[in-house]
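Q: got a sequence here, can you model it:
(one chain, ligands or ions: 1)
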Amino acid sequence: MGPVLNGLVKLQSVENRLRAEKAKLSRCRRNVVIQENLIRSLQNALEAKKEEIQLTRVQFDRLELELKSRDEMIGKLRASLNIAKTNKEYAAVLTQLNTTKADNSKIEAQSLELLKDMEVDEAECKDIQGQMDEQKETLEQTRKESEALADKYQIEIDKIQAEWDQVAQTIPTEAIDTFKRVAETYDGQAAATIEQQESGKGAYSCGGCFMAITAESVNMLMTKDEIIRCPNCTRILVLGDSHES
Ligand SMILES: [Zn+2]
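A: Predicted structure coming up:
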């Protein structure tokens, strides 16, 4: 290998550090996003609960109104009972009065049920609100911490990026373009070191995909400074320290 391939080996090690640092940055930002999402889902749950309470209240109000008009009806029936002229008329009014009363207690029981539901829902709202307040405090804390960390990571990233650019300047543009393309495909792993099996001479494989590499390719790498890519995974093949010529 010559200056180009050795340069790519160096670039790979800088690339690895750069990606690792960028991963730290996005992890620390992700923590904030996760907590923001948590608060948003609590907010949604709270709104849904409140809407439920509102619907129950509408139902409750409707029943109350019905009860009121039924109470008036009972008053009227009682009055008719007093002025009933015949036994038959009295009995008929009495039956109607009793039925209305029975219906009223059913409706009262229903509206009591609704009141209980509303109380349960109100308690749940309070609980969710409490969770939200707590979560918001945690978020503020996390945000502060992650902003400080992000600044630190960014400084490190800029430093490594400068190093990357410096190394890249020593390598022909074409080789850099190839490196970048393969790096995009393999999450930063553009260069793969050729590995030699312990058993049997001349058994070589790509360190990226573990497919066999010919001895011819290894010889080429030892004697020349040209990019040879793995025929299987297309990574840029390089030699490890034991092969350095
Ligand atoms: Zn490969």
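Q: every contact and neighbour count from this point should use C-alpha atoms.
A: Fine.
Q: helix or strand for the residue most central in space within the chain, which one?
A: Centroid-nearest residue in the chain, with C-alpha atoms, centre = their mean: residue 34, separated by 5.8 Å. Using DSSP states H and E, residue 34 falls within helix 3-82.
Q: surely residue 224 touches residue 3?
A: No. Counting by C-alpha atoms under 8 Å, residue 224 sits too far from residue 3 to count as a contact (10.1 Å).
Q: hang on, the earlier thing: from the middle of its chain, how far away would the helix holding residue 34 be?
A: 14 Å (C-alpha atoms, centre = their mean, to the nearest Å).
Q: likewise for stretch 130-138?
A: 18 Å.
Q: pLDDT of it, averaged?
A: The average pLDDT within stretch 130-138 is 96.
Q: same deal with stretch 24-33?
A: 94.
Q: show me where pLDDT drops low in the chain?
A: Low-confidence segments of the chain, defined by pLDDT under 70: 199-202, 242-245.
Q: got the residues of it near the ion?
A: Contact residues (C-alpha under 5 Å from the ion) of the chain with the ion: 206, 208-209, 230, 233.
Q: state the helix or strand in which residue 208 lies.
A: Going by DSSP H and E, residue 208 is not part of any helix or strand.
Q: A helix includes residue 232, no?
A: No. Looking at residue 232 with DSSP: H, G, I helix; E, B strand; the rest coil, it is coil, so not inside a helix.
Q: assess the claim that it and residue 210 are in contact.
A: No. Judged on C-alpha under 8 Å, residue 232 makes no contact with residue 210 at a distance of 9.3 Å.
Q: let me know how buried residue 93 is, in neighbour terms.
A: 19 (other C-alpha atoms under 10 Å).
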